[in-house]
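Colleague: here is my input, please return the structure:
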Amino acid sequence: MAKEKTTKEVAGEAKEITIELIKKLKELSGVGLTDAKKALVEAKGDFDKALAEMRKKGLTKAEKRGDRETREGLVESYVHGGRIGAIIEVNCETSFVAKTDEFQDLAHKLAMQVASMNPQWVTEDEIPEDKMKEAREAAEKTMTGKEPADKKEQILAAKVSKTFADRVLMSQTYIFDETKTVEQFIKDTIAKTGENITVKQFKRIELGVVE
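Modeller: Sure thing, here's the model as predicted:
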């Protein structure tokens, strides 16, 4: 009977899979200890590879949480140099999560995002209908006519989204990690906290500028 390989042997020449490593992966990915250990074994001890796989699963879980109500949270503010200020309402499901360092850090960084990038809307759903219509008409003029009929609407939607990407908070590039959008940053935190998180509203004020 073949001897069952140990976790260390399965990892081969890679870093030994310790309980500390497993706990770290669990914390960063939002999955359970068993799944975290399994991912490390499958990745042969490659932590970055295991984290990438677990985050995919964590984000899948985060998507499922998207419909859950968010009635708790906090209002966070940020002032830059006494000239630019931002205030934002970020919501979660429970007061317990609202008091965690993870959630409060998220809210503060989102306030900094608003101050820095000056978005106009939280999501595309808030964009006025006339502006969406104008953007769609402009996008239609860029179409070549050679696009597959079954892909036309998808292409147009992508072009319209790109038009507003810099002005919609969720679509903006996250200022602390240019590989992510703000929406992806929030979903990372959803995966870690296990609760749905939403942004309800924000306001940006700049000295001498009246909107």
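Colleague: where does pLDDT dip in this structure?
Modeller: Low-confidence segments of the chain, defined by pLDDT under 70: 1-15, 27-32, 55-67.
Colleague: mind giving me the domain split of it?
Modeller: 7-65, 72-123+168-206, 128-164 (automatic domain parsing).
Colleague: export these to a markdown table and tack on mean neighbour count?
Modeller: Bear in mind the C-beta positions are built from the backbone N, C-alpha and C, glycine included. Listed next are those as a markdown table, based on neighbours: other C-beta atoms under 10 Å:
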| stretch | mean neighbour count |
| --- | --- |
| domain 7-65 | 16 |
| domain 72-123+168-206 | 18 |
| domain 128-164 | 12 |
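Colleague: ok, which stretches of this protein are strands?
Modeller: Applying DSSP state E to the chain gives strands spanning 72-80, 84-92, 198-206.
Colleague: among those, which comes closest to Thr144?
Modeller: Taking C-beta to C-beta, strand 198-206 is the member of the strands of the chain nearest to Thr144, at 36.9 Å.
Colleague: state the distance from Ile190 to Ile205.
Modeller: Distance of Ile190 to Ile205, given as C-beta to C-beta, to the nearest Å: 29 Å.
Colleague: my bad, Leu25
Modeller: Using C-beta to C-beta, we find Leu25 at a distance of 41 Å from Ile205.
Colleague: same deal with Thr173?
Modeller: Going from Thr173 to Ile205 by C-beta to C-beta gives 23 Å.
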